[in-house]
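1. kindly generate the corresponding structure for this input.
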Amino acid sequence: MSYPTNNMPVPGGPSGPGVPGGMPPPPGAPGGFPGQQPGRDDSYFTESRKGEVNELRQLLRTFGTERDKQKKRDIMKKVIAYMTLGIDVSRLFTEMMLAIETRDLVIKKMVYLFLCNYADTHPDLAQMCTNTLVKDCGNEDPMVRGLALRSLCSLRLPQMIEYTSEPLRRSLQDGHAYVRKTGVMGILKMYHLNKEEFDKAAFNDILYEMLRDPDPSVVTNCIFVLNEIQAEVGGMAINRAVMLHLLNRIHEFSEFGILAVLDLIPRYIPANDEEGFQIMNLLDPVLKTANAGAVVATIRAFLSIATAIGKRPGDDRDEDSPSVDDLSQQVVERIKAPLVTLIASGSSELSYVLLKYADQLIDLCPGIFDDEYRQFYVKYSDPTHIKHSKIRILAKLANPNTAPDIVAELGELVTDADETLGRIAVRSMVNIALNDSGGEGAVESISRRLVDMLDLQGISHVTSEAATALAALVRRNESIKPLISAPLPRALKYINEPAGKASIIFLLGECGADITEAPYVLEKVIDSYDNISDAGVKTALLAATVNLFFSRPPEVQHMLGRVLKKATEDMSSQDLHDRALFYYRLLRSSPDPTVAKSIISKSMAVTASQFAEEDDSELRAVLMDEFNTLCTVYRCKPENFIDEENIVPFVKLPTEHPLAAAAPVVDQGVNAITDQMNGTSLTDGYGSAAPQPAPSAEVDLLGFGFDDPAPAPPASNSIQSLSLKSSLSLSGEDYQSKWGSIPDSEAIVISGLPMASAPPSTDVVEGALDAFSVFTMASGELPTEFKFFLYAQEEDSVGGCYFLVQAVALKQPSSLNLTIKPVGGDADPSKRKEKVDQLVELIKTALGLC
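-> Coordinates of the predicted model:
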């Protein structure tokens, strides 16, 4: 909050006539604040002195008689400033309570803040303000109602639950969106305060009903609250009706709300391929936004849909159906341009995170980003972490066409002043050669560059990394030995790092047949064995001497004996000691040296394309499941940095989709029908048995599920004089169109059909009517009634009459009201009336009313 400059008395300042405590010095005057910003009075936050709280008490006692609104605000600002500085001003609680009766919204807001701050430490005092807060919850000003409700819920006192429930319930039906969305967040506070009272109040069902609120900010809050309340079961329940409703309104949401909706899509299982593609088309415009969070969330949604609808090995689908890999390739190709644009235009922090996502997508679909390799070149102005990420990615974008440019770029970065950057550049360069992604001649070209780096005597870290890279290359590709053998003896003289020295020694053993002075170079190292502290260098010396012995035995035999003796007596490294004993026993027990040579040579060769410790396929699979989370940034599983009890399970819904494979998925009327169902619950049960799928003709728009179908009626039932189609498909749009084509004045209304008792649930009614070929378009339960939208069609070779029915089952007293509109069929009014009467009798029979 920015406070305007004011002349509020400050105790301890220069005194003035008639001003208690004096006035603060002006900016720039002695005792003032140099560089003070215009419009801000830092005197509120000056160091307090003894007695200032008592002076504030005196000022608050004159608060009611003070007529200057600005002076009133200044007093409150000073109290809040002291509270912010950690000074205990709870002694002013009574005086602050008296100040709450004001029409000034600014003062009221500061008083509310004071009350909430001291509610935990002074619960008895906080209860004093309950009646005032409850009263303000009914204020004519929606801002006051919202602020009062937020403050009432923020008291977080168990004894306040009985005062909070009713204002919360009223706020959810308030005419102003600010009050409603504040009430939704208040429900979450109540849930954390007392879960039992929360369950008794049935706020969970109300939140699902509010997903149809006309204000998108209210819907956004409902999504977040439901996700937190149901975190133990994976988040809010979703079904096709919920997803279609939210996706059709996604253009109304703010960027924050769009993210809330997009986070639901990975948990949703599309009914079929067509619906999956339609969701992708609907979300495609989101990729054009400048919001990186929305773009990344859309990428995750696309990838989850591709995984859900893509063909997998063993699926009995059409051969032309795209596989998961094919769809993933298409998704990554589509999102490549927006992602690269955001990387180039975002802040350094944002670019770093997006580079992590790009790296993950490159691993998922190699080759897609190759043509954008120049976008990952390092810029001089890039921060260090951005440079490191880009260099690692560049190695993965190499192909026969791009490798020459990428290797040249990496070569320029090797000698950078940043030591870590130079090391990463060398490793990225050798990775291109190890993966053989640079095409013909790339390995030799990179080897020559690495050999040249061995002579960079002034840059020790580069020569060390180059030696390590050459050792890895030789183990994979022995054909480069002639290219690298010449500079090895002199390189050993000035490489100081243990890893680089060990690599050079290893290479001398591998290339010793081509290097005349190799035995003599190693002999000098053996002479200084006692001065070597690194176990890796000693192990490399042992292996190189043994390896060189097989190619030049006369010159190396004495050296080998010396090094074996020293290594077997060396207790500094168990691995070195055991390896020396193994070599000694193998050479001593084998009459034919070629046998020992074949064993040792094979142990040093690398035939696999990847070491076991380098295989991170399992981790990459987990990271793809956790895409758009911190797992990608940290590159580790969630359990590595989140406590197990705080990990939200990932649950995909619905477990059994209400649509058949060939059912239509475009249902433009779903929102119109849903809007008619004012107050209908959208909840899906967790932990219960999976609902039975509806017939292909029926769309469970509200996701209530279906109980076991009622037994089929006897074929000889006399009521079947009205023959209805047993299989019927009618979309929501068609239903709306047909219903609207008949004026309400022509509808047939039948009221007061007695019922023995109200139905226990909508599922029971739907199952009973379904057995008589009367299908349900939508249904829902309201506090005083059940409502159903039904449809049926007469069996006729020409095209029978459609019967559209709105049924209302009252709970108290239990009765059934029907509004029926026949559409099409016989134009004779008397025959139509007769068929309607037959339909009514059929419904009464199905529900046991006769």
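
2. tell me the contacts of the residue nearest to Ser573 when sequence neighbours are not counted?
-> Spatial nearest neighbour of Ser573, excluding adjacent residues (C-beta to C-beta, 6 or more residues apart in numbering): Ala535 at 3.8 Å. To be clear about C-beta, it is placed using only N, CA and C from the backbone, and glycine gets the same treatment. Residues near Ala535 by C-beta atoms under 8 Å, 6 or more residues apart in numbering: 572-573, 575-576.

3. list just the nearest of these to Asn399.
-> Of all the contacts of Ala535, Asp575 has the smallest distance to Asn399: 39.4 Å, by C-beta to C-beta.

4. that closest one and Cys631, how far apart?
-> 34 Å (C-beta to C-beta, to the nearest Å).

5. tell me which helix or strand comes right after the helix or strand harbouring Leu421.
-> Assessed by DSSP states H and E, Leu421 sits inside helix 419-434. Counting by DSSP H and E, the next helix or strand C-terminal to helix 419-434 is helix 442-453.

6. neighbours of Leu849, how many?
-> Residues within reach of Leu849, counting by other C-beta atoms under 10 Å, total 15.

7. so it makes contact with Gly752?
-> No: using C-beta atoms under 8 Å as the test, Leu849 is too far from Gly752 to be in contact (11.4 Å).

8. overlap in contacts of the two?
-> Taking C-beta under 8 Å, 6+ apart as the contact rule, Leu849 and Gly752 both touch Leu816.

9. per-residue confidence at Thr632?
-> For Thr632, the pLDDT comes out at 93.

10. pull out the buried residues from stretch 225-239.
-> Buried residues in stretch 225-239, counted by 16 or more other C-beta atoms under 10 Å: 225-227, 229-230, 234-239.

11. show me what the helix or strand hosting Cys222 is packed against.
-> In the assignment (DSSP H and E), Cys222 maps to helix 216-229. If you count contacts as 3 or more C-beta pairs under 8 Å, 6 or more residues apart in numbering; DSSP states H and E, helix 216-229 packs onto helix 177-193, helix 203-209, helix 255-262.

12. which one of those helices lies nearest to Lys787?
-> Going by C-beta to C-beta, the one of the helices and strands packed on helix 216-229 nearest Lys787 is helix 203-209, 13.0 Å.

13. pull up the gap between Asn401 and Val443, please.
-> Using C-beta to C-beta, Asn401 is found at 17 Å from Val443.

14. quick check: angle from the helix holding Leu421 to helix 442-453?
-> Here helix 419-434 runs at an angle of 150 degrees relative to helix 442-453 (axes from the mean of the first three to the mean of the last three C-alpha atoms, to 10 degrees).

15. let the chain start at 50 from now.
-> From this message on, residue numbering opens at 50, which makes the last subject helix 468-483.

16. dump helix 468-483 to CSV, restricted to CA.
-> Presented in CSV, the C-alpha positions along helix 468-483 are these (Å, rounded to 0.1, in the frame of the first residue of the first chain):
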residue,chain,number,x,y,z
GLU,A,468,35.9,-22.2,-16.7
THR,A,469,32.6,-24.2,-16.4
LEU,A,470,31.4,-22.9,-19.7
GLY,A,471,34.6,-24.1,-21.4
ARG,A,472,34.3,-27.5,-19.8
ILE,A,473,30.7,-27.9,-20.9
ALA,A,474,31.6,-26.8,-24.4
VAL,A,475,34.2,-29.6,-24.7
ARG,A,476,31.8,-32.2,-23.3
SER,A,477,29.1,-31.1,-25.7
MET,A,478,31.5,-31.3,-28.6
VAL,A,479,32.6,-34.9,-27.7
ASN,A,480,28.9,-35.9,-27.2
ILE,A,481,28.3,-35.2,-30.9
ALA,A,482,31.1,-37.5,-31.8
LEU,A,483,30.1,-40.2,-29.3
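
17. next one: it to chain centre, how far?
-> 32 Å (C-alpha atoms, centre = their mean, to the nearest Å).

18. equivalent analysis for stretch 312-321, please.
-> 14 Å.

19. mean confidence for it?
-> Averaging pLDDT along stretch 312-321 yields 92.

20. same thing with stretch 375-394?
-> Averaging pLDDT along stretch 375-394 yields 94.

21. quick check: phi and psi on Leu773?
-> phi -110, psi 150 (degrees, to the nearest 10).

22. for it, list the residues it contacts.
-> Contacts of Leu773 by C-beta under 8 Å, 6+ apart are 821-823, 841-844, 891.

23. quick one: buried ones out of the residues you listed?
-> So, by 16+ other C-beta under 10 Å, the buried ones in these are 821-823, 841-843, 891.

24. and of those residues, the nearest to Gly195?
-> For the buried ones among the contacts of Leu773, the nearest to Gly195 is Val823 (45.8 Å; C-beta to C-beta).

25. wait, the closest one sits on Ala895?
-> Yes: Val823 lies in contact with Ala895 (C-beta under 8 Å); the separation is 6.8 Å.

26. where are the low-confidence patches of the chain?
-> 50-100, 113-114, 651-660, 662, 705-770, 845-848, 899 (pLDDT under 70).

27. strands of that one, residue ranges please.
-> Assigned by DSSP state E, the chain shows strands spanning 797-803, 824-830, 834-842, 851-859, 864-872.

28. by how many degrees do the first one and strand 851-859 diverge?
-> Compare the direction of strand 797-803 with that of strand 851-859 by the same axes, to 10 degrees and you get 40 degrees.

29. try the last one
-> Computed with the same axes, to 10 degrees, the direction of strand 864-872 lies at 170 degrees from that of strand 851-859.

30. hey, where'd the helices end up in the stretch 750-899 of the chain?
-> 781-790, 811-819, 878-895 (DSSP state H, counting those that start in this stretch).

31. if you could redo that for the stretch 50-199 of the chain, that was the one I meant.
-> Assigned by DSSP H, counting those that start in this stretch, the helices in the stretch 50-199 of the chain fall at 101-110, 118-133, 142-147, 154-167, 172-176, 179-185, 191-203.

32. out of those helices, which one sits most buried?
-> Stretch with highest mean neighbour count among the helices of the stretch 50-199 of the chain: helix 191-203 (a mean of 22; mean count of other C-beta atoms under 10 Å).

33. let me see the residues that make contact with that one.
-> The contact list for helix 191-203 (C-beta under 8 Å, 6+ apart) reads 154, 157-158, 161-162, 164-165, 168, 179, 182-183, 185-188, 209, 212-213, 216-217, 220, 223-225, 227-228, 231-232, 234-235, 238-239.

34. distance from the chain centre to that helix, please.
-> Centroid separation for helix 191-203 versus its chain: 31 Å, with C-alpha atoms, centre = their mean.

35. for it, list the C-alpha coordinates in CSV.
-> The C-alpha coordinates for helix 191-203 follow below in CSV (Å, rounded to 0.1, in the frame of the first residue of the first chain):
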residue,chain,number,x,y,z
PRO,A,191,-20.4,-5.3,-2.1
MET,A,192,-16.9,-4.2,-1.4
VAL,A,193,-17.7,-4.0,2.3
ARG,A,194,-19.5,-7.3,2.2
GLY,A,195,-16.5,-9.0,0.6
LEU,A,196,-14.0,-7.4,2.9
ALA,A,197,-16.1,-8.3,6.0
LEU,A,198,-16.5,-11.9,4.8
ARG,A,199,-12.8,-12.3,4.1
SER,A,200,-11.9,-10.9,7.5
LEU,A,201,-14.5,-13.1,9.2
CYS,A,202,-13.0,-16.2,7.5
SER,A,203,-9.5,-15.1,8.2
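
36. that one to helix 226-242, inter-axis angle?
-> Orientation note: helix 191-203 sits at an angle of 0 degrees relative to helix 226-242 (the same axes, to 10 degrees).

37. now do helix 191-203 against helix 154-167, angle only.
-> Orientation of helix 191-203 against helix 154-167 (the same axes, to 10 degrees) gives an angle of 10 degrees.
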